[in-house]
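Novice: Dropping the sequence and predicted coords here.
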Amino acid sequence: MVKRRVYDNEKHIHFVTFSCFKRRQHLQHDQAKRIVIGGLGSCLAKHQGLCLGFVIMADHVHALIWFPDIQQLSKFMNKWKETTSKTLKKVLPERFPNYWSNFKEADSVWQPRYYGFNIWSRSKVEEKLEYMHMNPVKAGLVERVTDWQWSSARWYVENRTVGLLIRWPPGLEADDDFAVN
């Protein structure tokens, strides 16, 4: 097996993606999406991180995150997935027993690992934001990005709250080249 590498020695923005175990639809219920967003906010606060954008789909999650210190990404992702997994495993069987009865108790909520992509320019952040925000449109769930309640699109397009503080790291608000010392 090839050893996966995480490049987190510089203060880059991280575009992360992770999926439900076997691409199951664990996040199809609004309460599950709220748990993932709440977990994101809580874990970011503990790591002093920022969220630049996100989208929660029925079977996967995308987020753009940044930390003021290096070597935070793996710890953050492990904690986010761990805490949301525990909460989802508690809540989903209680709230949606018919759905949850299809799975073994030992099954994971999340696929192992996550996919991370380092970003160091404003143009690449904007490209990833558009990609994330278009996910529900391309999936045929909504007609416009702002119709999907479970992403940061409404914050960007309509300046509306999205259940999570959206902020850009210092140095990227205006310049395309991103460098934080």
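Specialist: Received, thanks. Quick caveat: nothing in here was measured; it's all calculated off a predicted structure.

Novice: pLDDT weak spots in this protein?
Specialist: Within the chain, the segments meeting pLDDT under 70 span 1-7, 173-181.

Novice: Work out which residue lies at the spatial centre of it.
Specialist: Taking CA atoms, centre = their mean, the centroid of the chain lies closest to Ala63, which sits 3.4 Å from it.

Novice: For Gly171, see how far away that residue is.
Specialist: With distances taken as CB to CB, to the nearest Å, Ala63 is found 20 Å from Gly171. C-beta coordinates here come from the backbone N, C-alpha and C atoms, glycine included.

Novice: So the residue nearest to the centre of the chain is in contact with Val16, correct?
Specialist: Yes. Shown here, Ala63 and Val16 form a contact pair, counting by CB atoms under 8 Å, at 5.4 Å.

Novice: Give the helix, strand or coil label for the closest residue to the residue nearest to the centre of the chain other than its chain neighbours.
Specialist: Leaving aside its sequence neighbours, Ala63 sits nearest to Phe54 (CB to CB, 6 or more residues apart in numbering; 4.3 Å). Here Phe54 is recorded as strand under DSSP: H, G, I helix; E, B strand; the rest coil.

Novice: Touching, Gln25 and Ile56? I think so.
Specialist: No. Shown here, Gln25 and Ile56 do not form a contact pair, counting by CB under 8 Å, at 12.0 Å.

Novice: Would you mind telling me which of these two has more residues around it?
Specialist: Taking other CB atoms under 10 Å, Gln25 and Ile56 do not tie; Ile56 has more neighbours (25 against 12).

Novice: mind listing the helices for the chain?
Specialist: Here the chain has its helices, by DSSP state H, at 30-46, 73-95, 97-100, 122-138, 153-158.

Novice: Tell me which of the ones you listed lies nearest to Gly116.
Specialist: Nearest to Gly116, of all the helices of the chain, is helix 73-95, at 6.3 Å by CB to CB.

Novice: Okay, angle between the closest one and helix 30-46 too, please.
Specialist: 150 degrees (axes from the mean of the first three to the mean of the last three CA atoms, to 10 degrees).

Novice: Show me how far helix 73-95 is from its chain's centre.
Specialist: Centre-to-centre, helix 73-95 and its host chain are 12 Å apart (CA atoms, centre = their mean, to the nearest Å).

Novice: mind listing what's buried in it?
Specialist: Residues of helix 73-95 classed as buried: 73, 76-77, 80-81, 83-85, 87-89, 91-92 (neighbour count, 16 or more other CB atoms under 10 Å).

Novice: how about those residues in JSON lines, adding distance to Ser123?
Specialist: Output for those, formatted as JSON lines (distance: CB to CB, whole Å):
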{"residue": "Leu73", "distance to Ser123": "22"}
{"residue": "Phe76", "distance to Ser123": "25"}
{"residue": "Met77", "distance to Ser123": "25"}
{"residue": "Trp80", "distance to Ser123": "27"}
{"residue": "Lys81", "distance to Ser123": "29"}
{"residue": "Thr83", "distance to Ser123": "33"}
{"residue": "Thr84", "distance to Ser123": "31"}
{"residue": "Ser85", "distance to Ser123": "34"}
{"residue": "Thr87", "distance to Ser123": "36"}
{"residue": "Leu88", "distance to Ser123": "35"}
{"residue": "Lys89", "distance to Ser123": "39"}
{"residue": "Val91", "distance to Ser123": "39"}
{"residue": "Leu92", "distance to Ser123": "39"}
